[in-house]
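sequence unknown, structure follows:
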């Protein structure tokens with residue numbers, strides 16, 4: 001079984017079956033690095049890892065948020081074109097940066113309002129969504145990222161800030 005440095009071992013089978021192009025593999029490695037740079041906690045905390053190891057004699061394979069995002073994106077979206085696949089990875093990076101910028105130092109009331117609006121939107125069939133429901137649902141996802149990855153403690157690296165600004169410029173040019 002061939003191991004690719006930076007690619008989770010869970011994805012080796014997909015690589016062997018040719019389900020992940022070189023471009024997708026490179027993007028997945030970059031995704032893991034990006035998510036791990038943002039996440040200020042583990043997907044599975046050390047005390048939980050220790051308890052699982054004691055109970056089952058083995059540690060979980062997915063421990064960092066980078067592992068989680070890398071394996072989720074690969075297994076859910078491997079059949080997309082490289083361009084669509086890269087768009088998903090760019091969206092995740094954009095959302096992590098946006099989430100950090102939007103929710104850092106915001107009040108609990110603000111977060112609670114976002115959470116409530118997201119719950120209301122999720123109760124409506126997505127086919128019936130207008131702009132407001134779509135925005136509420138997306139803000140709910142960003143809040144989830146913020147809380148689960150402990151982005152309150154995250155410092156946005158210069159490389160991510162520059163990437164974010166160029167992404168915004170490209171987006172405004174393509175829609176303008």
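That came in fine, so what should we check first? Bear in mind that the values here come from a model prediction, so they are computed numbers and not experimental data.

Touching the helix or strand that contains residue 35 from outside, list them.
Residue 35 is part of helix 22-38 when elements are defined by DSSP states H and E. Outside helix 22-38, the residues that touch it by C-beta atoms under 8 Å, 6 or more residues apart in numbering are 4-8, 11, 15, 20, 64-70, 73-74, 78, 82, 85-86, 89, 92-93, 96-97, 100, 149, 151, 154, 157, 160. Backbone N, C-alpha and C define where each C-beta goes, glycine included.

Give me the below-cutoff pLDDT ranges for the protein.
Counting by pLDDT under 70, the chain contains low-confidence residues at 1-2, 175-176.

Just give me the residue closest to the centre of it.
Within the chain, the residue whose C-alpha comes closest to the C-alpha centroid is residue 92; the distance, by C-alpha atoms, centre = their mean, is 4.7 Å.

host element of that one?
With DSSP H and E as the criterion, residue 92 is inside helix 82-103.

Could you list every helix and strand in contact with that helix?
Contacts of helix 82-103 with other secondary structure elements, assessed using 3 or more C-beta pairs under 8 Å, 6 or more residues apart in numbering; DSSP states H and E, are made with helix 22-38, helix 65-77, helix 131-148, helix 158-175.

Mind doing that once more with 6 Å?
helix 22-38, helix 131-148, helix 158-175 (3 or more C-beta pairs under 6 Å, 6 or more residues apart in numbering; DSSP states H and E).

just checking, next helix/strand downstream of it?
Helix 82-103 is succeeded, C-terminally, by helix 108-122 (DSSP H and E).

Tell me which residues of the helix holding residue 92 come out buried.
Taking 16 or more other C-beta atoms under 10 Å as the basis for neighbour counts, the residues of helix 82-103 that come out buried are 85-86, 89-90, 92-100, 102-103.

hmm, which two among the residues you listed are most spread apart?
Between all members of those, the longest pairwise span (C-beta to C-beta) is found for 85 and 103 and amounts to 27.4 Å.

And residue 127, how close does it get to residue 49?
41 Å (C-beta to C-beta, to the nearest Å).

So these two - more neighbours on which side?
Neighbour totals were compared for residue 127 and residue 49, and residue 49 leads with 14 against 5 (other C-beta atoms under 10 Å).

Please report how far the residue nearest to residue 143 when sequence neighbours are not counted lies from residue 153.
Taking C-beta to C-beta, 6 or more residues apart in numbering, and ignoring the residues beside it in sequence, residue 143 has residue 114 as its nearest neighbour in space, at 5.1 Å. Residue 114 sits 19 Å away from residue 153 when distances are taken as C-beta to C-beta.

Looking at the two, which is more packed in?
Per other C-beta under 10 Å, whichever of residue 114 and residue 153 has more neighbours is residue 114, with 20 against 11.
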